[in-house]
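Trainee: this one's sequence-less:
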Ligand SMILES: NC(=O)c1ccc[n+]([C@@H]2O[C@H](COP(=O)([O-])OP(=O)(O)OC[C@H]3O[C@@H](n4cnc5c(N)ncnc54)[C@H](O)[C@@H]3O)[C@@H](O)[C@H]2O)c1
């Protein structure tokens with residue numbers, strides 16, 4: 001679909017992949033709603049882009065409903081959702097002391113990365129079905145963010161793998177469900193991207209992961225993710241796809 005003139009919501013839009021995509025969408029003429037838990041940064045990005053910001057926790061129904069309503073009020077209903085909000089995580093089933101890891105710790109990533117994504121998808125979809133179709137019967141489109149850890153997670157990131165595998169797995173199913181309403185659903189599955197999230201990794205871990213990236217041997221740039229996200233919005237024949245975006249990296253077990 002055309003981007004110009006439409007409203008786009010970017011979750012996690014205050015930082016990293018989301019912020020780069022918010023900037024790219026604004027440059028392409030979209031009105032951008034920046035949703036993020038980090039209220040201060042969300043406002044900074046929205047102000048820079050002439051858009052709107054709303055603080056929310058994507059894993060919380062009421063807070064995200066209020067944020068969607070605020071953007072709807074400020075910019076009109078969104079035709080585009082880019083779901084980037086998420087956390088890095090890493091918990092083993094059994095702790096060093098032999099005790100089972102507390103369930104809350106093991107399921108936090110699922111709550112934020114997976115349930116948070118479903119939460120924003122349901123709100124975006126409900127707004128979209130109420131809109132008139134555009135060209136080709138398309139009402140709008142949704143792009144989510146998984147991770148290659150959803151396919152080949154390393155030891156110690158089973159919780160993160162579960163959350164991202166879920167995001168990837170639901171792509172085709174929701175694309176099928178929303179097809180009759182002219183809504184496409186696609187998912188980007190990044191490898192290692194140069195964002196504040198990745199900056200949290202110890203240097204040695206980051207270097208070893210870069211070394212196993214096939215080509216180009218470097219971290220991906222947030223602007224490269226944004227370019228792909230915009231292509232998924234614009235190209236009407238891409239639907240129900242999970243696209244690896246990783247320089248051919250296949251992560252080793254450790
Ligand atoms: N950076 C990578 O290498 C990489 C690789 C694969 C997948 N990803 C995924 O890409 C997405 C974006 O990550 P990034 O690298 O840009 O990280 P980032 O930390 O720069 O940005 C993530 C943003 O999400 C927000 N956020 C976190 N929890 C939230 C919540 N509950 N509600 C609302 N906002 C919340 C944060 O405040 C932050 O602004 C994440 O889903 C991440 O898992 C990143």
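Mentor: Happy to help now that I have it. Given the structure is predicted, the values throughout are model-derived calculations rather than measurements.
Trainee: Show the contacting residues for residue 132.
Mentor: residue 139 (CB atoms under 8 Å, 6 or more residues apart in numbering). The C-beta positions use only the backbone N, C-alpha and C, and glycine is treated the same way.
Trainee: burial measure for residue 73, as a count.
Mentor: Neighbours of residue 73 under the rule other CB atoms under 10 Å: 11.
Trainee: before we move on, which element is it in?
Mentor: Residue 73 is part of helix 61-75, with elements assigned from DSSP states H and E.
Trainee: Next, the angle from the helix or strand just after that helix to helix 61-75.
Mentor: Under the assignment DSSP H and E, the closest C-terminal helix or strand after helix 61-75 is strand 78-83. With axes from the mean of the first three to the mean of the last three CA atoms, to 10 degrees defining the directions, strand 78-83 sits at 140 degrees from helix 61-75.
Trainee: how much space between residue 39 and residue 14?
Mentor: According to CB to CB, to the nearest Å, residue 39 stands 8 Å off from residue 14.
Trainee: Between the two, point out the one with more neighbours.
Mentor: residue 14 (27 against 13).
Trainee: residues contacting that one?
Mentor: 34, 36, 37, 38, 41, 42, 44, 45, 53.
Trainee: for it, helix, strand, or coil?
Mentor: Assigned by DSSP: H, G, I helix; E, B strand; the rest coil, the conformation of residue 14 is coil.
Trainee: what's the burial count for the nearest residue to residue 157 once chain neighbours are set aside?
Mentor: Computed as CB to CB, 6 or more residues apart in numbering, the closest residue to residue 157 that is not its neighbour in sequence is residue 90, at 4.7 Å. By the measure other CB under 10 Å, the count of residues near residue 90 is 15.
Trainee: Equivalent analysis for residue 173, please.
Mentor: The burial count for residue 173: 11, using other CB under 10 Å.
Trainee: The helix or strand hosting it vs the ligand: in contact?
Mentor: Assigning secondary structure by DSSP H and E places residue 173 in helix 158-178. No: Helix 158-178 is not in contact with the ligand by CB under 6 Å from any ligand atom; minimum separation 6.7 Å.
Trainee: what touches both of residue 39 and residue 14?
Mentor: residue 53.
Trainee: Would you mind measuring from the residue nearest to residue 157 to residue 175?
Mentor: Per CB to CB, residue 90 is found 30 Å from residue 175.
Trainee: Over to residue 148?
Mentor: 20 Å.
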